[in-house]
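> would you be able to build a 3D model of this:
(4 chains)
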Number of protein chains: 2
Amino acid sequence: MQPRQRRKVPEGELCAVCSDRATGYHYGTPSCNGCKTFFRRTIVSGHTFVCQYQGNCDVNKNVRCACRHCRFNKCLAVGMDARAIQNDRDRIGPTKKFRMDKRNSSGDEDQLSVTSSSPQRSGGEDKIIEQLAAVESLCNNLRTCILPESKNVKETLSSPCLLYQISQLESDPATAFQHLHPAAMQDIKAWNIKELRLCLEWVKTFDEFTKLSESDQMALVRNFAFTFNILNRVYYSADYGPDKIVYPSGAYILRQPQEQVKIPGCRLIYHRQMDEIMVPFRKLEVSVQEFAAFKAILLFNPDAGELSPEVKNEVAAERTKYLTALYYLITSKYGVHNGVQKYGQLLMMAPSIQNIIDQNDENMQVMEVFGHIWRIDSFVKELCMR
Amino acid sequence: MQPRQRRKVPEGELCAVCSDRATGYHYGTPSCNGCKTFFRRTIVSGHTFVCQYQGNCDVNKNVRCACRHCRFNKCLAVGMDARAIQNDRDRIGPTKKFRMDKRNSSGDEDQLSVTSSSPQRSGGEDKIIEQLAAVESLCNNLRTCILPESKNVKETLSSPCLLYQISQLESDPATAFQHLHPAAMQDIKAWNIKELRLCLEWVKTFDEFTKLSESDQMALVRNFAFTFNILNRVYYSADYGPDKIVYPSGAYILRQPQEQVKIPGCRLIYHRQMDEIMVPFRKLEVSVQEFAAFKAILLFNPDAGELSPEVKNEVAAERTKYLTALYYLITSKYGVHNGVQKYGQLLMMAPSIQNIIDQNDENMQVMEVFGHIWRIDSFVKELCMR
DNA sequence: GTCAAACGGTCAAAGGTCCT
DNA sequence: TAGGACCTTTGACCGTTTGA
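Predicted coordinates:
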């Protein structure tokens, strides 16, 4: 880069070679992009051209490609300086912009709407949120019902969704609140089964889920079921402070009694559910809609083990759909600046949740070893063991 | 401009990098305008370059643009000091003289030029990102150095940060690219140690980190160190397709050979690092700045085990700070609609990463049992065991 | 107050990328 | 394949800041 003469922009200047619009001084001569590139390539490649005619071909914008010999000659004639050509440079990365994002149903427009402080652009997000909220409500009703026996997970997944048949189910007195009392292992076990059962009904409300093959459905559910269980447990726990997880029945898990459990590693698991999930949910004042969207995001996990590679992209697209919906839900309520913080904080609860689930899986395996003491229901095992 | 060396004017002095005519002392080294600007831009942008050859390219006036990796390395080798770069100067205003053309009758002072100089509504985010990028750059260089022995983690954390003493360290020939070859256990082990060592230097660049008590620092580091290791491993892996993780030395981990490993559970761990971290990073086209911010977010984990409750809020605030910076970084580049998607997708990689780390910890423990076969370095153990 | 060294910013003009 | 619109990178030149 040795600028011939500093300063000076040609205004309406023409290419000295072909009379196209000049884009600047290139190699010492006002020239267009084409002639500039042609000159460099010719020099660098060392090509020599032969004129098919008499060596005096016309060179202008329309016919400049007709004779490369005469074009190159004219380049030299008008003063293009080969000494201005440099040595090869290092490669630069891709210059192409938008590569991310699947095909967008809505045309692409706003690129500079960054400055507008109100998001405003919910294209279908409202509807998604509405649907999630409706299902959440049904699911909370179903929790109070007696659910039919189910042999195994696969059969349950292929049965009609119970959420739309609640009126035909009897209510379960064991789920109704009576009085606060410490949860026995029986309580915890019963609620685990109930919640995992609800999970199966909940996932069936997603069209994109039911479209998946049986094995892919299993992959997502196995990955997600215990998360669903824990999240519902703490989110719907009545607020008796940060030290109690309370089931709808009034059974509660207190922070201390875990000391009684002698199995190593089990001690902290309820503490962590309180500290890292229940308390943050309350502090962030997560709404039911936000909570539902968050669960949907966690369900559609493209990295779920055993998920077939062909559907990874679809699952990722679903996740993105709910991520976007959650973003607009939050920012339309809190504004962009505050909303973005809540959105980020909520999403960043996911790694802790994952870690808690991972630890819990270990515990489940430990418990299996101690199976003669703590009976693990086979239904639970099927969903949670890896 | 603190380092006002009482130097004489360089007379006929040559650029220490490329031997062009030096225009003065820049960043502590006699250098030409080009190398001066190149160095600043590289540090500020956080760009990292990969040598297309063997990492020992010649750098002189004629070919200085041929390999940016080797040019930058030489900048550092001859002593250019990144600390002399002034992050975010006090608003210097447009260098260009005011366009006092016409339109003067309105009588408005240039009061709006303050806001127009910064494109997005970022309050300090730019500076945060710049700092992260600069550190990332230094860290990449430190990776190629021989690091002094360190007895244990605590001592290392309380020592001065090596990132600002790179010029005093010898380069490590073992880290230079030579040729592609399958990684032996020795390679993996050596890189684990180096990367964990780098992690300790990296975290010390965060003021808010060094302000924490020793035990809180340990809590964050133990939680984060292996994440740092894995993320750097895959992010800085040269792109030889989705089936190879390539270390800077050229040692690579291939998708298949894990079958040789007979320890149960170990098989999938490298597959998952490729599928769930390396490939998504590439697909999302994560920039170095985004990558650095992502790591900062993961470092400041308020749920890190053993973190004292008093500092949870501070740590959470730090996390939010980097979340916000990342959000504005991404949306200012991609626009809100596309940016939000990328932001969400990036954050939602965190649970998978957490899960991979959790699995890996198990493996480390398994490996400890098989310690007579696979020696685990005590330094690694100290950081990764729970 | 003066002035030169050494910061950062600017933008014309280099080269690289990628679609046609 | 070659062409050229469009992109990134480079560096000579310029204004600003700072300390002797």
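
> the stretch 151-300 of chain A: strands as residue ranges?
A:181-182, A:244-246, A:251-254 (DSSP state E, counting those that start in this stretch).

> looking at the ones you listed, which is buried most?
Ranked by mean neighbour count, the strands of the stretch 151-300 of chain A are led by strand A:244-246 with a mean of 21 (mean count of other CB atoms under 10 Å in any protein chain shown). No exception for glycine: its C-beta is placed from N, CA and C like everyone else's.

> ok, the residue sitting furthest away from the middle of chain A to DNA strand D distance?
The C-alpha centroid of chain A is most remote from residue A:54, which lies 64.6 Å away (CA atoms, centre = their mean). Going from residue A:54 to DNA strand D by CB to the nearest atom of the strand, to the nearest Å gives 20 Å.

> would you say that residue is within a helix?
No - going by DSSP: H, G, I helix; E, B strand; the rest coil, the assignment for residue A:54 is coil, not a helix.

> that one: what's it in contact with?
If you count contacts by CB atoms under 8 Å, 6 or more residues apart in numbering or on different chains, residue A:54 has none.

> which regions of the stretch 1-150 of chain A lie under the pLDDT threshold?
A:1-10, A:96-123 (pLDDT under 70).

> please redo it, this time with the cut-off set to 80
Within the stretch 1-150 of chain A, the set of residues satisfying pLDDT under 80 comprises A:1-12, A:93-124, A:149-150.

> which stretches of it form strands?
Using DSSP E, counting those that start in this stretch, the strands of the stretch 1-150 of chain A run over A:24-26, A:29-31.

> hey, which of these is tucked in deepest?
Highest mean neighbour count of these: strand A:29-31, a mean of 24 (counted as mean count of other CB under 10 Å).

> which strands and helices sit next to that strand?
Helices and strands touching strand A:29-31, by 3 or more CB pairs under 8 Å, 6 or more residues apart in numbering or on different chains; DSSP states H and E, are strand A:24-26.

> check which helices and strands the strand it packs on sits against.
Using 3+ CB pairs under 8 Å, 6+ apart: strand A:24-26 touches strand A:29-31, helix A:33-45.

> mind putting those into JSON lines with distance to DNA strand C?
Output for the helices and strands packed on strand A:24-26, formatted as JSON lines (distance: least, CB to the nearest atom of the strand, whole Å):
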{"stretch": "strand A:29-31", "distance to DNA strand C": "8"}
{"stretch": "helix A:33-45", "distance to DNA strand C": "4"}
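
> looking at these, which is closest to residue A:243?
Smallest distance to residue A:243 across the helices and strands packed on strand A:24-26 (CB to CB): 70.5 Å, for helix A:33-45.

> show me the contacts for the residue lying closest to residue A:161 once chain neighbours are set aside.
Using CB to CB, 6 or more residues apart in numbering or on different chains and skipping residues adjacent in sequence, the residue nearest residue A:161 is residue A:204, 4.2 Å away. By CB under 8 Å, 6+ apart, the contact set of residue A:204 is A:157, A:161, A:163, A:210.

> how near is residue A:204 to DNA strand D?
Distance from residue A:204 to DNA strand D, counting by CB to the nearest atom of the strand: 46 Å.

> next: residue A:327.
For residue A:327 relative to DNA strand D (CB to the nearest atom of the strand), the value is 26 Å.

> cheers, nothing more for now.
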